[in-house]
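Enquirer: I would like the atomic coordinates for the input below:
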Amino acid sequence: MFIKSNLRNEQRSFTEAEAQLLIQQHETVKAFFRRDSSVEIVNSLNTLVETLLFSEESDNVTSEMRVHIAKQLRVVTLITKLGETTVKW
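Expert: Predicted coordinates:
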């Protein structure tokens, strides 16, 4: 099994045990993207964040809310990277 990611231009072979774990992870990610693509998820979250931050009541955005927004943006980055990764068996 080889995994090629758009994030790096390298290929690596894996042991059988590693391959089985990666197959399970890949199936989980594939099932996740069956409902919505990474682009749809990112666009949805961006719309939500922009609406919140640029509303008239943006003064009411607390420090805790800003921390949660930053965490959600990290999730968006992860989702995008997962959506760009392909697996060849």
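Enquirer: OK, contacts around the residue positioned nearest the centre of the chain?
Expert: With distances taken as CA atoms, centre = their mean, the chain has residue 79 as the residue nearest its mean C-alpha position (0.8 Å). Residue 79 is in contact with 38, 41, 42, counting by CB atoms under 8 Å, 6 or more residues apart in numbering. From N, CA and C alone the C-beta is placed, and that goes for glycine too.
Enquirer: burial of the last one, as a residue count?
Expert: When counting by other CB atoms under 10 Å, one arrives at 18 neighbours for residue 42.
Enquirer: what helix or strand is it on?
Expert: Assigned by DSSP states H and E, residue 42 falls within helix 38-53.
Enquirer: pass me the low-pLDDT residue ranges in this structure, would you?
Expert: 1-12, 85-89 (pLDDT under 70).
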